[in-house]
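[1] Here is my input, please return the structure:
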Amino acid sequence: MKLQTSPSAREKLLKELKAWDEDMIQRRSTAYDDVENFPNKFTANFMFMLNHGESSIPKINEGTKTEYARLSEQWKPLKAEGDRLLQTAIPAFNKLATEKGVGVLFVK
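    I've put the predicted structure just below:
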């Protein structure tokens with residue numbers, strides 16, 4: 001069943017969710033050398049930084065600390081957008097969908 005009275009609300013939310021997802025994760029990469037064609041996104045960069053400190057005797061160097069600080073700053077707007085989507089955009093869409101007799105999006 002389509003939400004016929006407000007396709008723009010549906011399309012807007014879908015576009016916002018896809019944009020946030022694309023900032024977080026590179027889904028087009030299928031091999032290790034794909035980074036040349038499809039740059040890593042936030043989650044891959046964060047995991048790469050975390051792996052620098054993993055060893056039997058972990059040592060966090062200045063480069064890792066600098067990268068952590070950079071990624072922490074990059075995370076702030078990503079987290080804010082994720083929170084906005086979860087706390088505002090999805091509930092607003094669910095309210096509209098419920099008013100039209102259509103099921104809602106579950107986020108948890």
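[2] what residue ranges in the protein are flagged as low confidence?
    Applying pLDDT under 70 to the chain flags the ranges 1-7, 30-35.
[3] Against the centre of it, work out the most remote residue.
    Farthest-out residue of the chain from its mean C-alpha position, per CA atoms, centre = their mean: residue 57, at 32.0 Å.
[4] so which strand or helix has that one?
    No secondary structure element spans residue 57, as it lies outside all helices and strands (assigned by DSSP states H and E).
[5] Next up, the contacts around residue 89.
    Contacts were defined as CB atoms under 8 Å, 6 or more residues apart in numbering; by that measure residue 89 touches 13, 16. Quick note: C-beta positions are derived from backbone N, CA and C, even for glycine.
[6] Need the three-state assignment for it.
    Secondary structure for residue 89, judged by DSSP: H, G, I helix; E, B strand; the rest coil, is helix.
[7] Find the nearest non-adjacent residue to residue 20, please.
    The spatially closest residue to residue 20, leaving aside those adjacent along the chain, is residue 81, at 5.3 Å (CB to CB, 6 or more residues apart in numbering).
[8] residue contacts, that neighbour?
    Applying CB under 8 Å, 6+ apart, the residues near residue 81 are 16, 20, 23.
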